[in-house]
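**Student:** Sequence and predicted structure are below.
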Amino acid sequence: MPTPQGKLRLLPLFRLRCPYCGSTPLRADGSWFYFRPGCKICDYVYEREPGYFTGASWMINYAALAGSGCMLGALLLVLLPNLDALWVAALVSVFLIIFGMWFIPYSMALWLGFDHLLHPLTQADRYRE
Ligand SMILES: [Zn+2]
């Protein structure tokens with residue numbers, strides 16, 4: 001069932017599926033970071049313009065990393081008060097590198113979903129191969 005304009009369905013986004021029809025995978029085959037140009041079922045365009053997903057990095061991924069890094073650092077300092085601050089910084093840094101790489105496609109999917117909510121594509125904007 002297509003997502004109506006002005007609505008946001010989170011489940012397809014967390015499954016990395018098309019924000020409109022919820023069927024087609026967003027990622028290109030064999031890639032963790034790259035998305036397909038569009039959906040072959042509903043013709044929804046994923047990357048609307050060059051640099052489209054830059055906002056996903058700045059507004060979603062960095063915010064998630066900053067929040068989770070601060071929480072993990074605070075948690076380590078509270079639970080392990082004798083742990084050297086350098087170890088806390090090292091552990092948080094390793095966590096942020098791994099979590100940041102893992103979270104990139106999810107931040108891009110959330111960016112797509114919020115854009116669908118705020119600026120749904122018209123029929124003229126649809127993807128055609
Ligand atoms: Zn679709």
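**Tutor:** Good, I have the coordinates. Numbering: from 1, shown residues only.
**Student:** ok, which stretches of the protein are helices?
**Tutor:** For the chain, applying DSSP state H gives helices covering 10-14, 54-55, 62-79, 85-118.
**Student:** Nearest to Trp32, out of these?
**Tutor:** The closest of the helices of the chain to Trp32 is helix 85-118. By C-beta to C-beta, the value is 6.4 Å. Backbone N, C-alpha and C define where each C-beta goes, glycine included.
**Student:** could you give the angle of that closest one to helix 62-79?
**Tutor:** Between the direction of helix 85-118 and that of helix 62-79, the angle (axes from the mean of the first three to the mean of the last three C-alpha atoms, to 10 degrees) works out to 150 degrees.
**Student:** in helix 85-118, what counts as buried?
**Tutor:** Within helix 85-118, the residues that qualify as buried by neighbour count (16 or more other C-beta atoms under 10 Å) are 88, 92, 95-96, 99-100, 103-116.
**Student:** Tell me how far the most far-flung residue of the chain relative to its centre lies from the ion.
**Tutor:** When each C-alpha in the chain is compared with the mean C-alpha position (C-alpha atoms, centre = their mean), Asn82 comes out farthest, at 35.7 Å. Distance of Asn82 to the ion, computed by C-beta to the ion, to the nearest Å: 53 Å.
**Student:** Retrieve the pLDDT associated with that residue.
**Tutor:** At Asn82, the predicted lDDT confidence score is 95.
**Student:** for it, phi and psi?
**Tutor:** The main-chain torsion angles of Asn82 are listed as degrees, to the nearest 10 and equal phi -90, psi 0.
**Student:** The residue nearest the centre of the chain: what's it in contact with?
**Tutor:** For the chain, Ser107 is the residue whose C-alpha lies nearest the centre (C-alpha atoms, centre = their mean; 1.4 Å). Applying C-beta atoms under 8 Å, 6 or more residues apart in numbering, one finds that Ser107 lies in contact with Ala56, Ser57, Ile60, Asn61, Ala64.
**Student:** Looking at the residues you listed, which is nearest Val45?
**Tutor:** Nearest to Val45 among these, counting by C-beta to C-beta, is Ala56 at 15.2 Å.
**Student:** what does the protein put close to the ion?
**Tutor:** Proximity of the chain to the ion, by C-beta under 5 Å from the ion, involves residues Cys18, Tyr20, Cys21, Thr24, Cys39, Ile41, Cys42, Tyr44.
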